[in-house]
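**Q** Model the structure of this input:
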Amino acid sequence: MPKPITSNTLFYGDNLPILREYIPDESVDLIYLDPPFNSSRSYNVLFKDESGREADAQITAFEDTWHWGNDAARVYHEMIQNAPAHVTTMLGALREFIGENQMMAYLVMMTARLIELHRVLKPTGSIYLHCDPTASHYLKVVMDTIFGTQNFRNEVIWQRTATKGDARQKYGAVHDVLLYYSKTDSAGFTPVYLEQDEDYLGRFTYDDNDGRGSYRLAPLDSPNPRPNLTYVYKGYQPPAKGWRVSLSVMEQLDNEGRLYFPKDLNGRISRKHYLQEQEGRKASDVWIDIPPLQGAGTEKLGYPTQNIQASSNEGDTVLDPFCGCGTAVVAAQKLNRKWIGIDITHLSISLMKYRLKDSFGLVEKKDYNVVGEPQDVPSAKQLAKDDRYQFQWWALSLVGAKPLGGDGGKEGKKGSDKGVDGVLNFVDDPRQSKLQRALIQVKSGHVKSGDVRDLRGVVEREEAALGVFITLEEPTRDMVTEAASAGFHHSPVWDKDYPRIQILTIDDLLNGKEISMPPSAFG
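**A** Numbering: from 1, shown residues only. This is a model prediction of the structure:
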């Protein structure tokens, strides 16, 4: 039985073994997952270069989920042997109906994980699965089987983008789907209220300039005959069917200044509804009010914030097993929830570290833990051997840098940033708004003095303050000399000189050495 997770934690690796090894039964209050859709977009974002070709260093996370092969067949047979009978019946029926194809492989992968997610969810917990219409109907069958049809709460339709101009033979595909289930009928839910639209706001046309703000008038006429509510109030005759409220309520509204009295006693008393007291529009199962996605890297916090507010309380634990760029983790932190994030790419872990520091000032090992990353030079070398781009993104996270080209597998470089893998921004003088930059380059293979010279050229071309060269190998004497010849960057506010080009080894970073630079924030 895994030990309880007592601190916010990021896990690097495949979420299925991580769920089984680290997450205890009934320990999570809310699960939000945005798995790779079965529309051939690998792990939340498309990894293509600007020409539209697949980048050579394309992330291949979950590539096998799109193909029925040995891995999919193995997982399928494991579940047929070990899963509950109703799950095996469902899988067998789907396989017979769908066949051994990409969709079936995807559903097998999702079923194995949803079984574990059901296990770790508390009886009072809820789960939101974000998917697209390509697979939503199949995933609903899977979730009905695992969570129970009686625990289905909503299918939320979210308009995520405007209509695309290339939809000629069908209607434009503009929405995604959120499947919302609870584990039992004891799961809590708090309604979420949205801002009112302009038409509604335009109804609040009155203002007594008493500090209570604008209001609208609503009739106090009863819609149905109320013979017992046909009293005269302050000389105003009752409506034909009587008042909507009793005499005691009318007097209370009057004492609170919530009644409007027309000058003519033949007129009708109205009730004042103040705009600032309105809760807003209650969120429905059709969302058109959240800014559209322009790619996972620019995803807004709107919809995970709504889910977290509606289905959890402060101090509850939120789990995102496909956390990508960390939108749900950031929303959970913002709303004072505990969180657990799992991702299979170092790019995502690196981006999440950057976002947590940039948005909240959180520091790894102090404010949260990371499990599954290299802890020594031999494991770092193995990571570099397995995938040099994963190594690159992990190395950037050691210095808190933001990966460039981090919204895809563009070899960590793109456009005018060629030769730069990451960047750190800092304010050299609080009296000036312009940010200074430290440009980061990471090398996992053989290094030479020419590499340092090239970085120096990039720093000068980009007019950056500093350049940092991170290397797995020890630098040569010529490399150290080349770096020293670049001189220093002088910080006027700190009255201190910082080496313009710095060389840090992975061993240095693992042992706590940091970039020599001005603080990234004041205060």
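
**Q** all contacts plus neighbour counts: C-alpha atoms, from now on.
**A** Fine.

**Q** Rounded mean pLDDT for the biggest strand by length in the chain, please.
**A** Determined from DSSP state E, the single longest strand within the chain is strand 121-131. Mean pLDDT, computed over strand 121-131, is 96.

**Q** ok, then the element right after that strand?
**A** Using DSSP states H and E, the helix or strand that follows strand 121-131 in sequence is helix 136-147.

**Q** Can you give me the buried ones in the following helix or strand past that next one?
**A** Counting by DSSP H and E, the element after helix 136-147 in chain order, helix or strand, is strand 152-159. Neighbour-count burial for strand 152-159, with 16 or more other C-alpha atoms under 10 Å as criterion, is recorded at Phe152, Glu155, Val156, Ile157, Trp158, Gln159.

**Q** If you drop the residues flanking it in sequence, what lies closest to the first one?
**A** Leaving out its chain neighbours, the residue that sits closest to Phe152 by C-alpha to C-alpha, 6 or more residues apart in numbering is Tyr181, at 4.6 Å.

**Q** So what's the gap between the host helix or strand of that neighbour and the chain middle?
**A** Using DSSP H and E, Tyr181 falls within strand 175-182. Computed by C-alpha atoms, centre = their mean, to the nearest Å, the chain-centroid distance of strand 175-182 equals 15 Å.

**Q** ditto for stretch 21-37
**A** Centre to centre, stretch against its chain (C-alpha atoms, centre = their mean), the figure for stretch 21-37 is 14 Å.

**Q** what are the C-alpha coordinates of it, in CSV please?
**A** C-alpha atoms of stretch 21-37 as CSV (Å, rounded to 0.1, in the frame of the first residue of the first chain):
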residue,chain,number,x,y,z
GLU,A,21,3.2,2.6,-7.0
TYR,A,22,2.7,6.0,-5.4
ILE,A,23,-1.0,7.0,-5.1
PRO,A,24,-2.9,5.3,-2.2
ASP,A,25,-6.6,4.2,-2.4
GLU,A,26,-9.2,6.9,-1.9
SER,A,27,-6.7,9.7,-1.3
VAL,A,28,-7.7,12.2,-4.0
ASP,A,29,-10.7,14.6,-3.9
LEU,A,30,-10.7,15.7,-7.5
ILE,A,31,-9.2,14.4,-10.7
TYR,A,32,-8.9,16.5,-13.9
LEU,A,33,-7.4,14.8,-16.9
ASP,A,34,-6.7,16.0,-20.4
PRO,A,35,-5.3,12.9,-22.1
PRO,A,36,-4.0,12.8,-25.6
PHE,A,37,-7.1,12.8,-27.8
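
**Q** Would you mind measuring from the spatially most central residue of the chain to Gly457?
**A** With the centre of the chain defined as its mean C-alpha position, the nearest residue by C-alpha atoms, centre = their mean is Thr327, 1.4 Å away. Between Thr327 and Gly457 the computed distance is 36 Å (C-alpha to C-alpha, to the nearest Å).

**Q** Take stretch 108-117, keep the C-alpha atoms, and write them as PDB.
**A** Taking Å, rounded to 0.1, in the frame of the first residue of the first chain, the C-alpha atoms of stretch 108-117 are listed here in PDB:
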ATOM      1  CA  VAL A 108      -7.400   0.100 -23.800                       C
ATOM      2  CA  MET A 109      -4.800   2.600 -22.700                       C
ATOM      3  CA  MET A 110      -7.500   4.900 -21.200                       C
ATOM      4  CA  THR A 111      -9.400   2.000 -19.500                       C
ATOM      5  CA  ALA A 112      -6.300   0.800 -17.600                       C
ATOM      6  CA  ARG A 113      -5.700   4.300 -16.300                       C
ATOM      7  CA  LEU A 114      -9.400   5.100 -15.500                       C
ATOM      8  CA  ILE A 115      -9.500   1.900 -13.300                       C
ATOM      9  CA  GLU A 116      -6.600   3.200 -11.300                       C
ATOM     10  CA  LEU A 117      -8.100   6.700 -11.100                       C
END
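
**Q** Averaged pLDDT, that stretch. What do you get?
**A** The average pLDDT within stretch 108-117 is 96.

**Q** Poorly predicted segments of the chain, please.
**A** For the chain, applying pLDDT under 70 flags the ranges 37-66, 161-167, 289-303, 405-418, 430-433, 520-523.

**Q** Now the residue of it most remote from its centre. Nearest residue, chain neighbours left out?
**A** The C-alpha centroid of the chain is most remote from Gly235, which lies 59.5 Å away (C-alpha atoms, centre = their mean). Nearest residue to Gly235, sequence neighbours excluded (C-alpha to C-alpha, 6+ apart): Leu265, at 6.5 Å.
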